[in-house]
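> this is the structure alone, sequence omitted:
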């Protein structure tokens, strides 16, 4: 059946169960970025000297393990989001805590990837690009700035998220 075929293809692409591979990759990044996901009512800290913009914040553990002496900071309850400690695109490296030092410029992050991924990602990415090309262009779907519409008028949408929570 199609579900067992999909499961087999997932194993083939990952070299193990996808959940096992994701856990391995997650463990490789420990120490670089916190990424703790907040629940409704959790406390987050904003620091005027460290945050890149007003949407950036860190969790209590990272705030307490960092040095924000003489900084303008505030604590608030949040309804969601995630900790930006260790992410230089969101938080100043001087404000990172002791546990999350962010990416190190002298380290090649691809060296941490399992060998099977280094072999499977390029052909898999190419296959996905070819499929999208066929479906979106050759099969008569046209992209517009606001949505994706087929010749028959049926609307489609494609959302890409650059985070770990979607």
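That came in fine, so what should we check first? Just so you know, these numbers come straight off a predicted model, no measurement behind them.

> which parts of the protein are helices?
Assignment of helices within the chain using DSSP state H yields the ranges 2-14, 18-28, 60-64, 115-133.

> now residue 50: closest residue in space that isn't a chain neighbour?
Spatially, and ignoring its direct neighbours in sequence, residue 50 is nearest to residue 95 (3.1 Å; Cβ to Cβ, 6 or more residues apart in numbering). Heads up, the C-betas are built off the backbone N, CA and C, glycines and all.

> need the contact list for the one you found.
Applying Cβ atoms under 8 Å, 6 or more residues apart in numbering, we find residue 95 in contact with 47, 49-50, 58, 66-68, 71, 85.

> 7 Å instead?
Going by Cβ atoms under 7 Å, 6 or more residues apart in numbering, residue 95 touches 47, 50, 66, 68.

> so which of these comes closest to residue 20?
residue 66 (32.8 Å; Cβ to Cβ).

> dump the residue contacts of that closest one.
Shown in contact with residue 66 (Cβ under 7 Å, 6+ apart): 95-97.

> now those in a markdown table, with distance to residue 78 and pLDDT?
Shown next, in a markdown table, are those (distance: Cβ to Cβ, whole Å; pLDDT from 0 to 100):
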| residue | distance to residue 78 | pLDDT |
| --- | --- | --- |
| 95 | 18 | 94 |
| 96 | 20 | 94 |
| 97 | 18 | 93 |
